[in-house]
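# Generate a structure from the sequence data that follows.
(one chain, ligands or ions: 1)
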Amino acid sequence: MNLENRNPDAPLKAFFSFWWGLAAFIGFGVLGLLAFTAAGGASDKAYERAAAERQKKIDVAREGQAAEFAKIAPDLDASVAFVAAATEGKTEKPVPGTPAHAAMMEAQMAAAAAAEKTNADEKPAAEGEKKEEGTATAAAGAKEEPKDEAPKEEEALKIVLEPIPNVMKFKDTALEVPAGKPVELTFKNIDVLMHNILVLKPGTRDKVGALADAMLADPQGMAKGYIPQSEDIITHTKLLMSGQSETIKFTLEAGEYPFICTFPGHWRIMQGTITAK
Ligand SMILES: [Cu+2]
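Just a heads-up that it's a prediction; the model follows:
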């Protein structure tokens, strides 16, 4: 036993280890290169194929989103239709100030006027006022039809009345008309507030005003245009939105006839008198 050198063949082993290592290193390198080449290597073709695969993935992702986004295409009509469909039924009431809201209010007023017309027809007309009642009812209808003008030979006195904006007052508070002659009163609501005008029998202003106040508690008050049921009302316009106007026709015997706006809170200062003489 050589105790001085217990591993006499170690240098040889080390020599072979080096060569095996080098062979393995080169072997794996060659293998990798072969695999890379087999996969296409660095050729244009390989890049094209990789690009095509990426594009395919992008297309799949796009198709997946198409259901969500295709509808909001730059096609404006399609976009509007899509938004309309998406929001259908979500806006139950039109926003005040929009034409849709104005149309809704008008429809409500027309319905109220129609209901009132039915009531008026059921009630026996007061004596001496049949003609006026008829005229008033026609004027209260949704559409102003000049059909009852034909038999009249007398030229009606035309009056235009406006509210003073923002102060709940009529511009003219003392109107004069000839007794027994037809009058056409056009009320132009140039205010931002809603107003109406009721022509009343002499001495009934406070009574009708109180009835109008009571309509605040009526859930249908707005739909009725805050026009109370009263035989003291000779004629009236519907509740007019900002910018609307309506013409009412009436003939008054000599006397002093109060007129008021019955929108809640208005009549005490929004009033005037028509003197017929
Ligand atoms: Cu008013």
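
# Going along the chain, name the helices of this structure.
10-38, 44-69, 76-87, 99-122, 130-140, 205-214 (DSSP state H).

# Mean pLDDT per helix and strand in this protein: which one sits at the bottom?
Across the helices and strands of the chain, mean confidence by mean pLDDT, DSSP states H and E is lowest for helix 130-140: a mean of 45.

# In terms of mean pLDDT, which of the helices of the chain ranks lowest?
When the helices of the chain are compared on mean pLDDT, helix 130-140 scores lowest, with a mean of 45.

# For the helices of the chain, could you give me CSV that also reports distance to residue 277?
No exception for glycine: its C-beta is placed from N, CA and C like everyone else's. Output for the helices of the chain, formatted as CSV (distance: least, CB to CB, whole Å):
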stretch, distance to residue 277
helix 10-38, 114
helix 44-69, 75
helix 76-87, 59
helix 99-122, 28
helix 130-140, 18
helix 205-214, 19
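
# quick one: which of those is nearest residue 253?
helix 130-140 (9.9 Å; CB to CB).

# What parts of the chain come near the ion?
For the chain, the contact set with the ion under CB under 5 Å from the ion comprises 195, 261, 263, 266, 270.

# Let me see the contact set for the nearest residue to the last one once chain neighbours are set aside.
Translated: residue 270. Excluding its sequence neighbours, the residue lying closest to residue 270 (CB to CB, 6 or more residues apart in numbering) is residue 261, at 4.0 Å. By CB atoms under 8 Å, 6 or more residues apart in numbering, the residues touching residue 261 are 163, 168, 170, 195-198, 267, 270-271.

# Which pair of those spans the longest distance?
168 and 198 (14.8 Å).

# Isn't residue 194 up against residue 237?
No - under the criterion of CB atoms under 8 Å, residue 194 makes no contact with residue 237, lying 11.1 Å away.

# Those two: which is more packed in?
residue 237 (27 against 22; other CB atoms under 10 Å).

# any idea how far the more buried one lies from residue 265?
According to CB to CB, to the nearest Å, residue 237 and residue 265 sit 18 Å apart.

# partners of the residue in the stretch 51-200 of the chain that the ion sits nearest to in the sheet?
Going by CB to the ion, the ion is nearest to residue 195 of the stretch 51-200 of the chain, at 3.4 Å. Beta-bridge pairing for residue 195 (DSSP bridges): residue 240.

# what sits against it?
Going by CB under 8 Å, 6+ apart, residue 195 touches 163, 168, 187, 189, 239-240, 261, 263, 266, 270.

# Most neighbours out of those residues, which is it?
Neighbour tally across the contacts of residue 195 (other CB under 10 Å): the maximum, 32 neighbours, falls on residue 261.

# returning to that earlier point: want to try TSV for the residues of the chain next to the ion, with pLDDT as columns?
Listed next are the residues of the chain next to the ion as TSV, based on pLDDT from 0 to 100:
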residue	pLDDT
195	96
261	97
263	94
266	94
270	96
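
# between these, which is nearest residue 208?
The nearest one, if we look at the residues of the chain next to the ion relative to residue 208 and count by CB to CB, is residue 261, at 11.3 Å.

# how much space between that closest one and residue 274?
14 Å.

# now swap in residue 29 and tell me
From residue 29 to residue 274 the distance is 112 Å (CB to CB).
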